[in-house]
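Enquirer: here is the input, now give the coordinates:
(chains A, B, C and D)
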There are 2 protein chains.
Amino acid sequence: MARTPVWKSIAIALTDDIAQGRYETGGKLPAEAQLSARFGVNRHTVRRALADMAAQGLVHSRRGAGVFVAAKPTDYPIGKRVRFHQNLAREGRTPGKKLLTLETRAAGLREAEALRLTAGDPVLVYDGLSLADGQPIALAQAVFPAGLLPGLREALEEESSITKALKRCGVEDYTRRETRIAAKLATATQALHLQISEGAPILRTTSVSVDTTGTPIEFGRTWFAGDRVTLTVGGET
Amino acid sequence: MARTPVWKSIAIALTDDIAQGRYETGGKLPAEAQLSARFGVNRHTVRRALADMAAQGLVHSRRGAGVFVAAKPTDYPIGKRVRFHQNLAREGRTPGKKLLTLETRAAGLREAEALRLTAGDPVLVYDGLSLADGQPIALAQAVFPAGLLPGLREALEEESSITKALKRCGVEDYTRRETRIAAKLATATQALHLQISEGAPILRTTSVSVDTTGTPIEFGRTWFAGDRVTLTVGGET
DNA sequence: GGGTAACATTTGTCTAGTTGTATAGCTGAT
DNA sequence: ATCAGCTATACAACTAGACAAATGTTACCC
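Expert: This is a model prediction of the structure:
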């Protein structure tokens, strides 16, 4: 007759609290010390419960910060028309962006090929962090042909969305010609930005977008935090 | 001529030690390993003795912590005027309270009926643990009509007693209109808070308190640890 | 304003000690 | 022969305390 261990009943109680909405998704749980006081139990026992919940993907902890209710993996549709803001708004989440770097440099081989340029042609490289409800979702790099899109740099600095910035440069619409998906492990830098641990799984997508005339406009590489995003393909989005 | 078993003589010796005041009530006994060394027997034999004493309510053990001398069952008078602090102080024990949760939510059917509200009306729910000399005595849940008592939440957070908090909200006096008593078995969560074993007997009281005008003010449910409390009814307290 | 230094908070990890439970075996009395 | 009483050993579950490492906050200075 194995009675339910203490840590398990704590895990159940906390799971119930989350399910009841007493703690918001993405929100912070009380500190372990507070929880141990609330349940009248040693902190280690609380940690055992939290570890169980973390293994189920219900919560995740950050040393020095706290324990957070894990947000459900975001479904991110990949199709002809990929719009970050729309994709997230549809899921009922608040999209956000953080500009990391914005620079003009010479195109590399890979980039030149994708954008139908010559290696060495000037390209505008946008590095940014995509957020959902304030939580990092993806690292995005977009490479634009600088020669074709004058004024894009300023537009990207001011506008909150790439779609809007492109529109200001005369690109009314654009679609994805191709998207490739691969699974990788996070490097230290990526892990830092995405607030995941080094070596955690990430999804890398590589894409080429073209305007209505079929001219390549953007060469994009995006790294998604593997446990926060599920890519979906096939809806006619 | 059945000789007294070894474990029994150990139990007698320890019981005598307690009676002689060699171990304070509420204090910790030496670890089982130490006792087994002292009596020159196996730890299991000591455990057999302790189990016997625990069955008599003389001691109680907490895994990982030790074996403690049990306090005598507290007499807890239930009448028109039930005040936790007073009830315990009269017995010469030090009352204590620990706030577990405090939330505002919609009233359930049962609660609405008792408080003469409509199901769905906002109620303030107080969950707390009552202590005597630091030992858990009872789990208490009190449901207040949130609409009638603005500011009660803050008062409950700051004051140590419900009576005082109510006074701050203008309730000078209140009495019990009714108390129902039932015997139940402890659930895992209850057992955790009361530091008893799952399935141990508990006393559940359900009460409705009214102010001087007869308006229901509190709907209370309390779970007493069965072997630590004896409810008394009938004194004109 | 921006950088930085100090401080408090919080999680991560480690060591040690204690009770709870399970299994196996020995011994003497009936 | 059986069986209750006890020994022996091992592991699981929980407590207790301490310290390290990361983070967030605040005050302060230039």
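Enquirer: only C-alpha atoms for contact and neighbour calcs from this point on.
Expert: Fine.
Enquirer: check what pLDDT residue A:199 gets.
Expert: Looking at residue A:199, its pLDDT stands at 64.
Enquirer: what's the answer for residue A:235, then?
Expert: 53.
Enquirer: for chain A, which spans come out with low pLDDT?
Expert: Low-confidence segments of chain A (pLDDT under 70): A:1-2, A:133-134, A:197-199, A:234-237.
Enquirer: ok, the residue positioned nearest the centre of it - contacts?
Expert: By CA atoms, centre = their mean, chain A has its centre lying nearest to residue A:137, at 1.5 Å. With contact taken as CA atoms under 8 Å, 6 or more residues apart in numbering or on different chains, residue A:137 is in contact with A:129, A:130, A:131, A:194, A:224, A:225, A:228, A:229.
Enquirer: ok, now how distant is it from residue A:147?
Expert: Applying CA to CA, to the nearest Å, the value for residue A:137 to residue A:147 is 31 Å.
Enquirer: get me the contact residues on chain A for chain B.
Expert: A:3, A:4, A:6, A:9, A:10, A:13, A:38, A:39, A:40 (CA under 8 Å from any CA of the partner chain).
Enquirer: widest-spaced pair of the residues you listed?
Expert: A:3 and A:38 (21.4 Å; CA to CA).
Enquirer: neighbour count for the two, which is higher?
Expert: A direct count of neighbours by other CA atoms under 10 Å in any protein chain shown for residue A:3 and residue A:38 places residue A:38 higher, at 17 against 9.
Enquirer: now residue A:8: closest residue in space that isn't a chain neighbour?
Expert: Distance criterion CA to CA, 6 or more residues apart in numbering or on different chains; nearest residue to residue A:8, sequence neighbours excluded, is residue A:49 at 6.1 Å.
Enquirer: so the one you found is in which element?
Expert: helix A:43-55 (DSSP states H and E).
Enquirer: tell me how far stretch A:24-43 is from the chain's mean position?
Expert: 27 Å (CA atoms, centre = their mean, to the nearest Å).
Enquirer: try stretch A:55-64
Expert: Relative to the chain's own centre, stretch A:55-64 is displaced by 17 Å; criterion: CA atoms, centre = their mean.
Enquirer: and for stretch A:154-173?
Expert: Stretch A:154-173 sits 21 Å away from the centroid of its parent chain (CA atoms, centre = their mean).
Enquirer: buried residues, that stretch. List them.
Expert: Going by neighbour count (16 or more other CA atoms under 10 Å in any protein chain shown), the buried part of stretch A:154-173 is A:155, A:156, A:161, A:162, A:163, A:165, A:166, A:168, A:171.
Enquirer: do the same with stretch A:38-47
Expert: By neighbour count on 16+ other CA under 10 Å, the buried set for stretch A:38-47 is A:38, A:39, A:40, A:41, A:43, A:45, A:46, A:47.
Enquirer: what is the nearest of the residues you listed to DNA strand C?
Expert: Set against DNA strand C, the nearest of these by CA to the nearest atom of the strand is residue A:47 (6.9 Å).
Enquirer: and for the closest one, nearest residue in space, chain neighbours not counted?
Expert: Counting by CA to CA, 6+ apart, residue A:47 lies nearest to residue A:32, which is 7.2 Å off, once chain neighbours are set aside.
Enquirer: and the one you found, what is it in contact with?
Expert: Applying CA under 8 Å, 6+ apart to residue A:32 gives the contacts A:43, A:46, A:47.
Enquirer: for these, give me TSV that also has distance to residue A:214.
Expert: Shown next, in TSV, are those (distance: CA to CA, whole Å):
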residue	distance to residue A:214
A:43	61
A:46	58
A:47	55
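Enquirer: just the residues you listed now: which is nearest DNA strand D?
Expert: Closest approach to DNA strand D among the contacts of residue A:32 (CA to the nearest atom of the strand): residue A:43, at 6.6 Å.
Enquirer: so which strand or helix has the residue of chain A found nearest chain B?
Expert: Chain B sits closest to residue A:38 of chain A, with a gap of 5.8 Å, by CA to the nearest CA. Using DSSP H and E, residue A:38 falls within helix A:32-39.
Enquirer: now check that helix, is it near DNA strand D?
Expert: No - Helix A:32-39 stays clear of DNA strand D (CA under 7 Å from any atom of the strand), getting no nearer than 8.1 Å.
Enquirer: so is that helix next to DNA strand C?
Expert: Yes - applying CA under 7 Å from any atom of the strand, one finds helix A:32-39 touching DNA strand C at A:32, A:33.
Enquirer: can you give me the angle that helix makes with helix A:43-55?
Expert: 110 degrees (axes from the mean of the first three to the mean of the last three CA atoms, to 10 degrees).
Enquirer: list the contacts for residue A:144?
Expert: Per CA under 8 Å, 6+ apart, neighbours of residue A:144: A:115, A:123, A:124, A:125, A:217, A:218, A:219.
Enquirer: that one in helix, strand or coil?
Expert: On the three-state scheme (DSSP: H, G, I helix; E, B strand; the rest coil), residue A:144 is labelled strand.
Enquirer: what does the domain assignment say about chain A?
Expert: Chain A breaks down into these structural domains: A:6-69, A:74-233 (assignment by automatic domain parsing).
Enquirer: end to end on the first one, go ahead and measure it.
Expert: Its start and end residues considered, domain A:6-69 measures 21 Å (CA to CA).
Enquirer: with the longest one instead?
Expert: With CA to CA as the measure, domain A:74-233 spans 14 Å from end to end.
Enquirer: near DNA strand C at all, it?
Expert: No - Domain A:74-233 is not in contact with DNA strand C by CA under 7 Å from any atom of the strand; minimum separation 10.5 Å.
Enquirer: and the closest residue to residue A:138 other than its chain neighbours, what does it touch?
Expert: Nearest non-adjacent residue to residue A:138, counting by CA to CA, 6+ apart: residue A:224, 4.2 Å away. By CA under 8 Å, 6+ apart, the contact set of residue A:224 is A:137, A:138, A:139, A:202, A:203, A:204.
Enquirer: neighbours of the closest residue to the residue of chain A closest to chain B other than its chain neighbours, how many?
Expert: In this structure, residue A:38 finds its nearest non-sequential neighbour in residue B:100, 5.8 Å apart by CA to CA, 6+ apart. If you count neighbours by other CA under 10 Å, residue B:100 ends up with 18.
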